[in-house]
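[1] I need the structure of the sequence given here:
(chains A, B, C and D)
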Protein chains: 2
Amino acid sequence: MQLDEAKRRFIEGWGTLGSAWGVSRTMAQVHALLLVSPGALSTEDIMDQLQISRGNANMNVRALIDWGIVRKELRPGERREFFSAEKDIHRVATLILQERHKREIAPLMRVLGEISQVEESPAATPEETKAFTHMIGSIQNFAQFADQAAATLIKADENWFISTFMKLMLPRP
Amino acid sequence: MQLDEAKRRFIEGWGTLGSAWGVSRTMAQVHALLLVSPGALSTEDIMDQLQISRGNANMNVRALIDWGIVRKELRPGERREFFSAEKDIHRVATLILQERHKREIAPLMRVLGEISQVEESPAATPEETKAFTHMIGSIQNFAQFADQAAATLIKADENWFISTFMKLMLPRP
DNA sequence: ATAAACTTTCAATTTTTATTGAAAGTTTAA
DNA sequence: TTAAACTTTCAATAAAAATTGAAAGTTTAT
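    This is a model prediction of the structure:
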């Protein structure tokens, strides 16, 4: 397979993965394009390569910068902006995790905290209330654990020794 | 807060979380409703409580059954079907993880494996090709590690001792 | 065999989300 | 200050996804 074809397939695959996980297809494709481009690209480059409009390219690049996984790059003597993706995959994972935590997990945790304060009332049996608070509590515990574990493990994978050690030690999923 | 209000808020919050992670809002809401309902519900119950059509309720319940997190329940002497959610949150997490792996991660990994076979060609510099295969390789490694770690950690959290131990030992994210 | 009680399907419709493109805004150089 | 070279915005439009509801299909009891 030629490099161009391989890049095309990566962009397509990354876009598909993104849309399955709630990231717009185009945003994921812009990210993929920047990931596999050796140098920084201009808005026009992105428009050309992905066949999208200027507005669309601009919005999605801006969103990626918001996520912290794409950087503006200014070149002396050039007026337009160039963009490049963070290439360290562990850093990408960390940044995405942080952002999703902030945007989606934290708000849910707040709601869980509030509704776990549910009061006993004549309208519901004590058993029903207890079952509910138990359910909410176990979701809270699990989310907190998963959250912490994810961040820790990304750090762990950055270290070759721990990574290799764990791959040997952990049973297959 | 009354139990009903708390349940309503949970259903809303779970629906919002779902839609941010690529699960349809309604599917997540049906799941949430079943999670906080002590007994099994009929299609009609779901329609009433979430104010959705019969077709919609049926499709989403079926999808949840496909995911393995909702079960049909048949009652002797009743013709219609009742549905109940898996209440063990660790099992829910495991099943969701398995399904998402199968549907979204595995196909991407297949693509990554194929495109990592990219050949040297006159159209690209060896450096460019090497940078590409390095990028793809690090995504492959990371995905494999994360996958394995996630499954292992869910199992770990099922065990109170390990869970508590790790919470003490792992640094904060 | 028929009817009643359900479940499933799917074409039409509605709702939501993404995209366009042109106008408005900004920065730089002369 | 003006013009050129860009970037950003946003109302209109297009595309995608979810939803409805009625018809078709299925199962069970008689």
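[2] list the contacts for A:E44?
    A:R80 (C-beta atoms under 8 Å, 6 or more residues apart in numbering or on different chains). In short, each C-beta sits where N, CA and C put it, glycine included.
[3] any idea how far DNA strand C is from it?
    13 Å (C-beta to the nearest atom of the strand, to the nearest Å).
[4] for that residue, identify the helix or strand it belongs to.
    helix A:43-50 (DSSP states H and E).
[5] please apply the same query to A:L97.
    Going by DSSP H and E, A:L97 is part of helix A:89-100.
[6] helices or strands next to that helix in the packing?
    helix A:54-67, helix A:126-157, helix B:126-158 (3 or more C-beta pairs under 8 Å, 6 or more residues apart in numbering or on different chains; DSSP states H and E).
[7] what's the second one packed up against?
    So the one you mean is helix A:126-157. Using 3+ C-beta pairs under 8 Å, 6+ apart, helix A:126-157 sits against helix A:89-100, helix A:106-115, helix A:160-169, helix B:3-20, helix B:89-100, helix B:126-158, helix B:160-169.
[8] buried ones in that helix?
    Within helix A:126-157, the residues that count as buried by 16 or more other C-beta atoms under 10 Å in any protein chain shown are A:128-129, A:131-133, A:135-136, A:139-140, A:142-143, A:145-154, A:156-157.
[9] give me the phi and psi for A:S53.
    phi -80, psi 170 (degrees, to the nearest 10).
[10] tally of neighbours for it?
    Neighbour count for A:S53, taken as other C-beta atoms under 10 Å in any protein chain shown: 9.
[11] ok, now which ones touch it?
    Applying C-beta under 8 Å, 6+ apart, the residues near A:S53 are A:M47.
[12] go on, the one 10 residues further on?
    Taking C-beta under 8 Å, 6+ apart as the definition of contact, the neighbours of A:A63 are A:M27.
[13] how about residues contacting the helix holding A:L97?
    Residues contacting helix A:89-100 (C-beta under 8 Å, 6+ apart): A:67-69, A:85-86, A:150-151, A:154-155, A:157-158, B:20, B:135, B:138-139, B:142, B:146.
[14] now that helix against helix B:126-158, angle please.
    Put simply, helix A:89-100 runs at 50 degrees to helix B:126-158, going by axes from the mean of the first three to the mean of the last three C-alpha atoms, to 10 degrees.
[15] now the angle between helix A:54-67 and helix A:89-100, please.
    90 degrees.
[16] mind listing what's buried along helix A:89-100?
    A:I89, A:H90, A:V92, A:A93, A:T94, A:I96, A:L97, A:R100.
[17] and that helix, average pLDDT?
    Looking at helix A:89-100 alone, the average pLDDT works out to 94.
[18] next one: stretch A:121-139
    The model assigns stretch A:121-139 a mean pLDDT of 92.
[19] for chain A, name the helix or strand with the lowest mean pLDDT.
    helix A:160-169 (a mean of 60; mean pLDDT, DSSP states H and E).
[20] burial measure for A:N58, as a count.
    Using other C-beta under 10 Å, the number of residues around A:N58 comes to 15.
[21] and the pLDDT for it?
    pLDDT, A:N58: 98.
[22] contacts only, for it.
    A:T43.
[23] gap between the most centrally placed residue in chain A and B:F82?
    Using C-alpha atoms, centre = their mean, the residue of chain A that lies closest to the mean C-alpha position is A:I96, 3.3 Å off. A:I96 sits 39 Å away from B:F82, going by C-beta to C-beta, to the nearest Å.
[24] please apply the same query to A:G39.
    In terms of C-beta to C-beta, A:G39 sits 60 Å off from B:F82.
[25] more crowded one of those two?
    B:F82 (16 against 9).
[26] who does the more buried one bridge with?
    Taking DSSP bridges as the rule, B:F82 bridges to B:S42, B:E73.
[27] that one against B:A40, yeah?
    Yes: proximity of B:F82 to B:A40 meets the contact threshold set by C-beta atoms under 8 Å, at 3.6 Å.
[28] what touches both of the two?
    B:E73.
[29] domain map for chain A?
    With domains defined by automatic domain parsing, chain A comprises A:3-85, A:89-169.
[30] distance to DNA strand D for the ones you listed - can I get that in TSV?
    What follows is the domains of chain A, written out as TSV (distance: least, C-beta to the nearest atom of the strand, whole Å):
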stretch	distance to DNA strand D
domain A:3-85	3
domain A:89-169	16
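[31] for DNA strand C, what's its nearest residue on chain A.
    A:G55 (2.1 Å; C-beta to the nearest atom of the strand).
[32] how many neighbours does that residue have?
    Count around A:G55 with other C-beta under 10 Å applied: 9.
[33] equivalent analysis for the one 10 residues further on, please.
    Residues contacting A:I65 under the criterion other C-beta under 10 Å number 13.
[34] now swap in A:S24 and tell me
    A:S24 has 15 nearby residues by other C-beta under 10 Å.
[35] for it, give its distance to A:Q49.
    17 Å.
[36] same thing with A:G22?
    24 Å.
[37] so who does A:D45 touch?
    A:D45 neighbours (C-beta under 8 Å, 6+ apart): A:S37.
[38] in which helix or strand does the residue lying closest to A:G18 once chain neighbours are set aside reside?
    Spatially, and ignoring its direct neighbours in sequence, A:G18 is nearest to A:A28 (2.7 Å; C-beta to C-beta, 6 or more residues apart in numbering or on different chains). Assessed by DSSP H and E, A:A28 sits inside helix A:25-35.
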